[in-house]
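# Take this sequence and fold it.
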Amino acid sequence: MTVIPADFRPEATIAIFSGTLLLILKRPWNLPEAVATLLGAALMLLLGLVGVDQAFHAVLRGADVLLFLLALMIFSALIDQTGFFEWAAIHAAHAARGNGRILFRNVYIVGAVITALLSLDTTAIILTPIVMSFIGKLKLDAKPFLMACAFVANSGSLLLPVSNLSNLLFQSSFNISFISFTAHMALAQVLVVACNYFLTLKLFKKSIPEKYDDDLPEASTVIKDSIFFKAAIVVLAMVLVGYFVASQAHIPPYVVASIGCVILLIAGLSRKHVDLPLLGKSISWSLFPFVIGLFVVMQGVENLGLAKNLANGLKLVGNNTFLQILVNAAAAALGSNLINNIPMSLLSISVLKQLNLPGLASQFGALLGCNLGPNITVTGSLATMLVISAARKRGSEVSPADFFKAGIIVTPVLILVGACCVWGTYEALHSLHLLQETAK
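Numbering: from 1, shown residues only. As a prediction, this is how the structure comes out:
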């Protein structure tokens, strides 16, 4: 193994990190993001900037997250084969009764629910093409609805650890229970999505017609097998309850999701309504080497001591929990737009571990920034890139400039609203905990 001289290690690490990010964001020659992070990881190892044992432990720390991500993707793909997502989208269109603004609201609601329960990647990969398809059939301007899908994929991902890969990384790194995570984020999730909807509606009001001709088929026609469809709804409900129960018993969430996959797969195969080749194609396999490579690259950055320096800077905020939440949210939001929210999540986790403050105020603040921040640039999150890519395949496009113009107005408001909600919830739960301790 070639070991680079110590004097050149910082420059080499920053160069590899910057080059990796550039390849991820620009994707020259349509280079997959996974190739970029694996190339960066290989260079870190070959130059001795990351030891083999360090790389192994970095990946091992994220093993639970990767296993859960795989189980969730399979679970979402199985639910899609029941026709559930198309049924939900068409049902939302019919419920609007020809009113374009109500349709826009319903798309937000469906997107927020699916993102919260089945992750933002499900909204990006599965729901967005369905929405773009029926918007095309209704002959409506696609831009407002495309922006709705992109925005809600990020802003709707606060509620559960399963809603976003960033959530899983934070939950796993700081041992936050499902119940505690959801309790801290519930109020923020509701108000952030509501604000996101009203602000986006105001921005695109002229592009959304008051009336449209609803000639979509009945929602029931997309359900090929009612028993399989009903089984999916029951299993989904059981899995969601299972997450909270398993958390209390210290059972990893991937176990619950995997059990749900097995039950739904058996149900689908018995009804002969599971297409295994299509199921395999529905999984974003490239996401796994992408994240693994990123773990190693970020380990190299961590070896520089950058996290420690950033942590020292954050100490200036002091013990004010509101400022801890707001400053960490703003910093993570800025970083997410500059370097993408997944690398920013890993960097934030490293910084916060160095900071080692009591409580989780800073952690929830950084998480807000990593989830809500990417609504400014199209490269801020993989979900946004997936939404735009899915829409482009159907002839719809949003330019980076258009996305920025909307995001720069919406995102700061969402960060402030989210920070206020998380702070209020954090203080209320902390006071309740103190009362319980006193009562004992």
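# quick one, longest helix in the protein?
Identified as the longest helix of the chain according to DSSP state H is helix 400-439.
# Counting neighbours, which bits of that one end up buried?
The neighbour-count check on helix 400-439 (16 or more other CB atoms under 10 Å) flags 403, 406-407, 410-411, 414-415, 417-423, 425-426 as buried. All C-beta atoms are positioned from the backbone trio N, CA, C, and that covers glycine.
# which helices and strands does that helix pack with?
helix 142-155, helix 178-203, helix 321-339, helix 361-372 (3 or more CB pairs under 8 Å, 6 or more residues apart in numbering; DSSP states H and E).
# L432: which of these is closest?
Proximity to L432, assessed across the helices and strands packed on helix 400-439 by CB to CB, is greatest for helix 178-203 (9.9 Å).
# buried stuff in that closest one?
Buried, per 16+ other CB under 10 Å, within helix 178-203: 178, 181-182, 184-185, 187-189, 192-193, 195-197, 199-201.
# Run through who's touching the next helix or strand after it.
Sequence order places helix 226-248 as the next helix or strand after helix 178-203, per DSSP states H and E. Applying CB atoms under 8 Å, 6 or more residues apart in numbering, the external contacts of helix 226-248 come out as 75, 78-79, 82-84, 87, 117, 160-162, 177-179, 182, 223, 252-253, 255-257, 259-260, 263-264, 267-268, 271, 273.
# where in the protein is pLDDT low?
For the chain, the stretches flagged by pLDDT under 70 are 1-3, 440.
# Centroid-nearest residue for it?
The centroid of the chain falls nearest to N164 when counting by CA atoms, centre = their mean (3.1 Å).
# Enumerate every residue touching it.
Counting by CB under 8 Å, 6+ apart, N164 makes contact with 119-120, 157-158, 371.
# ok, it to T321 distance?
From N164 across to T321, the span is 23 Å (CB to CB, to the nearest Å).
# what does G268 give?
With the distance defined as CB to CB, G268 ends up 47 Å from T321.
# for K205, same thing?
On the measure of CB to CB, K205 and T321 end up 37 Å apart.
# quick one, which of these two is more surrounded?
More neighbours surround T321 than the other of K205 and T321, with 21 against 13 (other CB atoms under 10 Å).
# Contacts only, for L310.
With the criterion set at CB under 8 Å, 6+ apart, L310 makes contact with 347, 351, 354.
# could you redo the last one with a cut-off of 7 Å?
V351 (CB atoms under 7 Å, 6 or more residues apart in numbering).
# So what's the residue count around the residue nearest to E302 when sequence neighbours are not counted?
Nearest residue to E302, sequence neighbours excluded (CB to CB, 6 or more residues apart in numbering): S350, at 4.9 Å. By other CB under 10 Å, the residues close to S350 number 20.
# List of residues touching the helix or strand hosting S350?
Following DSSP H and E, the helix or strand that holds S350 is helix 341-355. Outside helix 341-355, the residues that touch it by CB under 7 Å, 6+ apart are 21, 165-166, 169-170, 173, 294, 298, 301-302, 307-308, 310-311, 314-315, 332, 335-336, 362-363, 366, 370, 373-374, 380-382.
# Let's see it as PDB, backbone CA atoms only.
Written as PDB, here are the backbone C-alpha positions of helix 341-355 (Å, rounded to 0.1, in the frame of the first residue of the first chain):
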ATOM      1  CA  ASN A 341     -27.200  15.800   2.500                       C
ATOM      2  CA  ILE A 342     -25.900  12.200   3.000                       C
ATOM      3  CA  PRO A 343     -22.200  13.300   3.300                       C
ATOM      4  CA  MET A 344     -23.400  16.200   5.400                       C
ATOM      5  CA  SER A 345     -25.300  13.800   7.700                       C
ATOM      6  CA  LEU A 346     -22.100  11.800   8.200                       C
ATOM      7  CA  LEU A 347     -20.000  14.900   8.800                       C
ATOM      8  CA  SER A 348     -22.600  16.300  11.300                       C
ATOM      9  CA  ILE A 349     -22.700  13.000  13.200                       C
ATOM     10  CA  SER A 350     -18.900  13.100  13.500                       C
ATOM     11  CA  VAL A 351     -18.900  16.700  14.600                       C
ATOM     12  CA  LEU A 352     -21.700  16.200  17.200                       C
ATOM     13  CA  LYS A 353     -19.800  13.200  18.700                       C
ATOM     14  CA  GLN A 354     -16.800  15.400  19.100                       C
ATOM     15  CA  LEU A 355     -19.000  18.100  20.600                       C
END
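# Mind listing residues that contact stretch 135-147?
100, 104, 107, 131-132, 200, 204, 207-209, 212, 216, 391, 394, 396, 398, 406.
# angle of the host helix or strand of I24 against helix 341-355?
Using DSSP H and E, I24 maps to helix 9-26. Going by axes from the mean of the first three to the mean of the last three CA atoms, to 10 degrees, helix 9-26 is angled at 150 degrees with respect to helix 341-355.
# neighbouring contacts of helix 9-26?
So helix 9-26 is contacted by 4, 31, 33, 36-37, 40, 43-44, 47, 49, 297, 300-301, 304, 339-340, 343, 379 (CB under 7 Å, 6+ apart).
# From those, which land in helices?
33, 36-37, 40, 43-44, 297, 300-301, 339, 343.
# Out of those, which comes closest to S284?
Among the ones in helices among the contacts of helix 9-26, E33 lies closest to S284 (CB to CB), at 10.3 Å.
# if I look at L416, how far off is A333?
11 Å.
# now swap in I14 and tell me
In terms of CB to CB, I14 sits 22 Å off from A333.
# Over to M147?
From M147 to A333 the distance is 18 Å (CB to CB).
# Spatially nearest residue to R105 (excluding sequence neighbours)?
Y197 (6.4 Å).
# returning to what we had before: give me the buried subset of the contacts of helix 341-355.
Looks like these have 21, 165-166, 169-170, 173, 294, 298, 301-302, 307, 310-311, 314, 332, 335-336, 362-363, 366, 370, 373-374, 380-382 buried, using 16+ other CB under 10 Å.
# which helices and strands does the one helix or strand A55 maps to pack with?
According to DSSP H and E, A55 maps onto helix 52-61. Packing contacts for helix 52-61, counted by 3 or more CB pairs under 7 Å, 6 or more residues apart in numbering; DSSP states H and E, involve helix 287-303.
# Could you export the helix it packs on as CSV, keeping only the C-alpha atoms?
This file holds the C-alpha atoms of helix 287-303, laid out as CSV (Å, rounded to 0.1, in the frame of the first residue of the first chain):
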residue,chain,number,x,y,z
LEU,A,287,-27.4,3.0,-3.4
PHE,A,288,-25.6,0.4,-1.3
PRO,A,289,-22.1,0.7,-2.8
PHE,A,290,-22.7,4.5,-2.9
VAL,A,291,-23.3,4.6,0.8
ILE,A,292,-20.5,2.1,1.6
GLY,A,293,-18.0,4.2,-0.5
LEU,A,294,-19.2,7.3,1.2
PHE,A,295,-18.6,5.8,4.7
VAL,A,296,-14.9,5.3,3.8
VAL,A,297,-14.4,8.7,2.2
MET,A,298,-16.0,10.4,5.2
GLN,A,299,-13.7,8.4,7.5
GLY,A,300,-10.8,9.9,5.7
VAL,A,301,-12.2,13.4,6.3
GLU,A,302,-12.8,12.5,9.9
ASN,A,303,-9.1,11.4,10.2
